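Novice: fold the following.
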Amino acid sequence: MKKISRTHLFTGAIILLYVLNFVFAEGFNGGADTISHYHISKFSWLYPELLMDQWGKPIFNILMSPFANMGFKMVVFVNILLIFFNAYLGFRIAKLLQLNKAHWVAWLYLLTPIVIGNSFSSLTEPICSLFLIGFIYLALKEKWILASISLSFMPFARSEGFVIVMLVFIFYVFSKRLKYIPFLLIGTLIMNSIGYAMTGLPMWIFQANPYIHTDITVYGSGTLYHFFMAAIPIFGFVFILLVMQSFRLIQKIRQLFQSALWKLDEQIWFWIILGTFWGYFLAHVVLWWLGMWASLGLLRVMFVIAIPAALLIIKEIEYLQVKYPILIGRNAKLIFWAHIVALPFIIRLFPLQEIEIFPSKGVEEITIDDFLVEFQTNEELVSRKLYTGHPYILFKLEKDPFNAEKSANLWDWETARKGDLIIWDGHFGPNEHKLPLTKIDNDSTFKLILNVEPEKEFYTLNNSKFCVRLYEKQ
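Specialist: Presented below is the predicted three-dimensional model:
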């Protein structure tokens, strides 16, 4: 019988951790966004235009739609499988780059707080990151046409994919691979053609983009150092090693115009791994600083560059182990991995819902659950048309949010007819749907029927006090 190695045992322990997280999590990661992505993919078979919805992301909508029709947990399960596939590709990339501890890349990725802390979700980050990881893998295999074509679809998994495509375009210019540039346009041409056919918008890619045309200003902006301050919770203390390795690699900028003469692995390390990590990272720094494209400064977007981060970190570790042999010892490895394993649990103790292993239900979800317990006692009310803002409400009611006869968005509240119901919540009501509580309270044509508040006062975006209220149109 073949002896089970420590590597297999540790890999098995990580898999078990993900399984336990999947089985025992009371809540989910990603907040209302995770529900919205699920709803769009689930109901896209009834409303085909949703397949090309640019907020939901066409690649996610299309690929996840069959699984979404099997239920929310199936989408979560598929996302977790994608995470493990990403880890496997990360391992293969590390092998191609001749890292001695290639399996450490997969381990580190799977235990990165932003990855495991967002694994119980139907967010778009796991599938988006696959395009970047796949490109690195195919580039190392020198399958440039296939790599370019696959990457060209990345912007339709998440809009930031355009940043990565642009970086690869620059890489092709400096490395004199100009003949592959046209292949980077294929995804855009195909998706825009489909979008045009479905919507009649000739420049669908821009005209239907919700971020370019957003009128949401309530998300505000932040500081230039927001993501730098959050880097330790996002990637762990090993982010320091990433910075150290970045300084080592950035020295090659002196030979930037000789990029075409570098070895392939040098090009990949500098342009694709280092370049995409910091290009993507800094793009979000600027977007949040300028308050562009409804950024909100969300941390989970960094999920997409977790494999480049793991590669940079392990490369730095191997460099340090050569320079300081004491770091090769068993005790040093034990301390390192004990920290990596413990960090997701430690971060869970802090009020940082964006990174949470074994996620519990948030205050908003708990309050909505309490509200629905009372609301559903009256079957006659449940059957009426509902105007809602918070996606979790219709998710729990198992209602179709796109059926105009049964439900409508809260921003259309003034179109309600006699007998229709408004479910106002303190998050989406005053923010995304621009309906302050005073406005609906002062409208005499609406009667307050039910008000549910959290056990302890809770304030959401823009210091809005959270509660859930039911109104009837008179």
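
Novice: return the residues in contact with Pro210.
Specialist: Gln54, Trp55 (CB atoms under 8 Å, 6 or more residues apart in numbering). From N, CA and C alone the C-beta is placed, and that goes for glycine too.

Novice: ditto for Leu298
Specialist: By CB under 8 Å, 6+ apart, the residues touching Leu298 are Glu354.

Novice: swap in 6 Å and give it another go.
Specialist: Under the criterion of CB atoms under 6 Å, 6 or more residues apart in numbering, Leu298 has no neighbours.

Novice: likewise Ile127?
Specialist: Contact partners of Ile127, counting by CB under 6 Å, 6+ apart, are Phe60, Leu82, Ala157.

Novice: okay, buried residues for the host helix or strand of the second one please.
Specialist: The reference is to Leu82. Leu82 belongs to helix 72-96 when assigned by DSSP states H and E. Buried residues in helix 72-96, counted by 16 or more other CB atoms under 10 Å: 72, 74-76, 78-80, 82-84, 86-87, 89-94, 96.

Novice: which residues touch that helix?
Specialist: Defining contact as CB under 6 Å, 6+ apart, one finds that helix 72-96 is touched by 18, 38, 64, 67-68, 102-103, 105-106, 109-110, 119-120, 122, 126-127, 129-130, 133, 136-137, 140, 307.

Novice: nearest the geometric middle of the chain, what residue?
Specialist: Closest to where the C-alpha atoms of the chain average out (CA atoms, centre = their mean) is Glu125, at 3.5 Å.

Novice: with adjacent residues omitted, what lies nearest to it?
Specialist: Closest residue to Glu125 apart from its sequence neighbours, by CB to CB, 6 or more residues apart in numbering: Phe303 at 3.8 Å.

Novice: give the buried residues for stretch 336-352.
Specialist: Result for stretch 336-352 [16+ other CB under 10 Å]: buried residues Phe336, Ile340, Leu343, Pro344, Ile347, Arg348.

Novice: brain fart, stretch 185-192
Specialist: For stretch 185-192, a neighbour-count test (16+ other CB under 10 Å) marks Ile186, Gly187, Thr188, Met191, Asn192 as buried.

Novice: where does the second one fall, phi/psi-wise?
Specialist: Dihedral pair for Gly187: phi -60, psi -40, per degrees, to the nearest 10.

Novice: give the contact list for the nearest residue to it once chain neighbours are set aside.
Specialist: Sequence neighbours aside, Ser152 is the residue nearest to Gly187 in space, at 3.2 Å (criterion: CB to CB, 6+ apart). Residues near Ser152 by CB under 6 Å, 6+ apart: Leu184, Ile186, Gly187.

Novice: next: Lys101.
Specialist: Counting by CB under 6 Å, 6+ apart, Lys101 has contacts Ile314.

Novice: okay, the contacts of Ser152 in JSON lines with distance to Leu290 next?
Specialist: What follows is those, written out as JSON lines (distance: CB to CB, whole Å):
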{"residue": "Leu184", "distance to Leu290": "26"}
{"residue": "Ile186", "distance to Leu290": "31"}
{"residue": "Gly187", "distance to Leu290": "27"}
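
Novice: just give me the closest of those residues to Thr388.
Specialist: Proximity of those to Thr388 (CB to CB) peaks at Gly187, which lies at 34.5 Å.

Novice: and stretch 296-311, end to end?
Specialist: End-to-end distance for stretch 296-311, by CA to CA, to the nearest Å: 28 Å.

Novice: I meant stretch 351-368, not that one.
Specialist: End-to-end span of stretch 351-368 (CA to CA): 20 Å.

Novice: which of the contacts of Ser152 sits closest to Trp269?
Specialist: Leu184 (20.8 Å).

Novice: distance of that closest one from Gln207?
Specialist: For Leu184, the distance to Gln207 equals 21 Å [CB to CB, to the nearest Å].

Novice: same question, Phe446
Specialist: Going from Phe446 to Gln207 by CB to CB gives 35 Å.

Novice: again, but for Lys57
Specialist: As judged by CB to CB, Lys57 and Gln207 stand 17 Å apart.

Novice: which of those two has more neighbours?
Specialist: Lys57 (25 against 16; other CB atoms under 10 Å).
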